[in-house]
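Asker: I'd like to go over a predicted model; first the sequence, then the structure.
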Amino acid sequence: MKNITIIGTGAYGTCLANVLADNGHSVVMYGIVETQVNDLNINHKNSTFLGDIKFNQNIKATTDLSAALEKTDILILGVPTVALKSVIKDIIKYAKNEMIIINTAKGLDEENLGLLSDLIKREFAESKMMKEYAALYGPSIASEVAQRKPTALMLCSDKLEVAKDLAKIFSNEYFYVYPWNDLAGCEIAAALKNTVAIGSGILFGFEAGDNAQASLITVGANEMFLIGSQFGARLETFFNFAGLGDLILTASSQKSRNFTLGRKIAKYNSAKIAMENYKLTVEGVGSAKIAFNLCKKYNLKTSLFENMFQILYNDTKPIALINNVFNDVKLV
Ligand SMILES: NC(=O)C1=CN([C@@H]2O[C@H](COP(=O)(O)OP(=O)(O)OC[C@H]3O[C@@H](n4cnc5c(N)ncnc54)[C@H](O)[C@@H]3O)[C@@H](O)[C@H]2O)C=CC1
Ligand SMILES: O=C(CO)COP(=O)(O)O
């Protein structure tokens, strides 16, 4: 049994804490919001993000990072992409021993137009506190995981043996975790599917039809692979749970925040107004900008990612997506 520390008391960190506590591991969550920490310790709930769902009573939460890192074997990064760099600096300050780091944030490195794994490895490098790096990706809406509904994912690391060991730690009768070693593919798929989901939500909001939505998801998958292949991503990854699975889920589920933002963009007929009115974590907005810049850097022609950038960043009317996205598509 492992000592596991989860950074972030958000929706995803909490549902993973529940899985790992169900599996008998010792789980400590670190949060910066005292009410969330108290809610977890006293009521075994996370009312802010997950309503009335009751969690495993063995989960402990704290606002004291030093205490949270006392005996950590495995550290799970459960904060949004924008918070990663600053949170890692804090972790390094208080880390006591070498840890396996597992990232769950679905994003990319905006500054270097690179992979999050490279950014995280770089941030930890000097401290020598990172024993191994891995990431957990796949279709896993937090509220469903929290309710112990069946969920299948990929545990990805450069080293397949490491991925196999870590997959066992997470796996149980409702959480099915498969080892995989294409980190670049998993990360690109995880980050970019969120932008596709916003686009799919826009089409849904405009009642463009199921044909259009299925076609948009297909364009998204092809363009995700096109961008991913610049990083050496493997085509198989775009068929596994981290690729196809998460793309289908996020681009069709009304429980997805990215999809929901897309619906709101159609409703307000403006991305700017929709974003001002929707304050939940939506990673696909940042990914859209990075995808756009990656396409420029590598001279790639995309339809969906180009249109999404214009809608999200240049206040182009969202109807442009329906009008333009299916023109001149490049398939793999
Ligand atoms: N919610 C979901 O269904 C899933 C989310 N993810 C990914 O997990 C990541 C986190 O998402 P959610 O948990 O949904 O976000 P959330 O919005 O529910 O929670 C974010 C949490 O991070 C905390 N936080 C922010 N900055 C922090 C800092 N500097 N130090 C400590 N805590 C900090 C906030 O207080 C909050 O508790 C995102 O990249 C998301 O794409 C992945 C799979 C599923
Ligand atoms: O990544 C997710 C499910 O796998 C969560 O999607 P949203 O961030 O769109 O809610």
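Answerer: That came through fine. Ligands and ions are numbered 1, 2, ... in the order given.

Asker: What parts of the stretch 1-150 of the chain come near ligand 1?
Answerer: Selection of the stretch 1-150 of the chain residues close to ligand 1 by C-beta under 6 Å from any ligand atom yields 7-13, 31-33, 36, 49, 78-81, 83, 86-87, 104-107, 140-142. From N, CA and C alone the C-beta is placed, and that goes for glycine too.

Asker: Just give me the longest helix of the protein.
Answerer: Ordering each helix of the chain by length in residues (DSSP state H) puts helix 183-205 first.

Asker: export that helix as PDB, just CAs?
Answerer: Extracted C-alpha coordinates of helix 183-205, given in PDB (Å, rounded to 0.1, in the frame of the first residue of the first chain):
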ATOM      1  CA  LEU A 183       3.200  10.100 -23.500                       C
ATOM      2  CA  ALA A 184       3.300  12.600 -26.400                       C
ATOM      3  CA  GLY A 185       0.200  11.100 -28.000                       C
ATOM      4  CA  CYS A 186      -1.800  10.900 -24.700                       C
ATOM      5  CA  GLU A 187      -0.900  14.500 -23.800                       C
ATOM      6  CA  ILE A 188      -1.700  16.000 -27.200                       C
ATOM      7  CA  ALA A 189      -5.000  14.000 -27.300                       C
ATOM      8  CA  ALA A 190      -5.900  15.000 -23.800                       C
ATOM      9  CA  ALA A 191      -5.200  18.700 -24.300                       C
ATOM     10  CA  LEU A 192      -6.700  19.100 -27.800                       C
ATOM     11  CA  LYS A 193      -9.900  17.100 -27.400                       C
ATOM     12  CA  ASN A 194     -11.100  19.900 -25.100                       C
ATOM     13  CA  THR A 195     -11.000  22.400 -28.000                       C
ATOM     14  CA  VAL A 196     -12.800  20.000 -30.200                       C
ATOM     15  CA  ALA A 197     -15.400  19.700 -27.400                       C
ATOM     16  CA  ILE A 198     -16.000  23.400 -27.400                       C
ATOM     17  CA  GLY A 199     -16.500  23.300 -31.100                       C
ATOM     18  CA  SER A 200     -18.900  20.300 -30.800                       C
ATOM     19  CA  GLY A 201     -20.800  22.200 -28.100                       C
ATOM     20  CA  ILE A 202     -21.200  25.200 -30.500                       C
ATOM     21  CA  LEU A 203     -22.700  22.900 -33.200                       C
ATOM     22  CA  PHE A 204     -25.000  21.400 -30.600                       C
ATOM     23  CA  GLY A 205     -26.100  24.800 -29.500                       C
END
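
Asker: quick one: average pLDDT of that helix?
Answerer: Helix 183-205 comes out with an average pLDDT of 98.

Asker: buried set for the helix or strand following that helix?
Answerer: Remark: after helix 183-205, the chain's next helix or strand is helix 210-229, criterion DSSP states H and E. For helix 210-229, a neighbour-count test (16 or more other C-beta atoms under 10 Å) marks 212-213, 215-229 as buried.

Asker: Ligand 2 contacts on the chain?
Answerer: Residues of the chain lying near ligand 2 (C-beta under 6 Å from any ligand atom): 106, 139-141, 194, 197, 246, 249-250, 256-258, 283.

Asker: can you pull out the strands in this protein?
Answerer: 3-7, 26-30, 60-62, 74-77, 99-103, 108-109, 114-115, 130-137, 151-156, 175-180 (DSSP state E).

Asker: Residue 44 is nearest to which of those?
Answerer: With respect to residue 44, and counting by C-beta to C-beta, the nearest of these is strand 60-62 at 10.0 Å.

Asker: sorry, back to before: please pick the buried ones from the residues of the stretch 1-150 of the chain next to ligand 1.
Answerer: 7-13, 31, 36, 49, 78-81, 83, 87, 104-107, 140-142.

Asker: Just the ones of these in helices?
Answerer: Short answer: these in helices (DSSP H) are 11-13, 36, 49, 87, 142.

Asker: from those residues, which two are the most distant?
Answerer: Once C-beta to C-beta is applied, these give 87 and 142 as the farthest pair, at 18.6 Å.

Asker: Who are the contact partners of the nearest residue to residue 64 once chain neighbours are set aside?
Answerer: Nearest residue to residue 64 in three dimensions, chain neighbours excluded: residue 30, at 7.8 Å (C-beta to C-beta, 6 or more residues apart in numbering). For residue 30, the contacting residues are 5-9, 61-65, 68-69, by C-beta atoms under 8 Å, 6 or more residues apart in numbering.

Asker: Swap in 7 Å and give it another go.
Answerer: Applying C-beta atoms under 7 Å, 6 or more residues apart in numbering to residue 30 gives the contacts 5-7, 62, 65, 68.

Asker: Before I go, just wanted to say thanks for your time.
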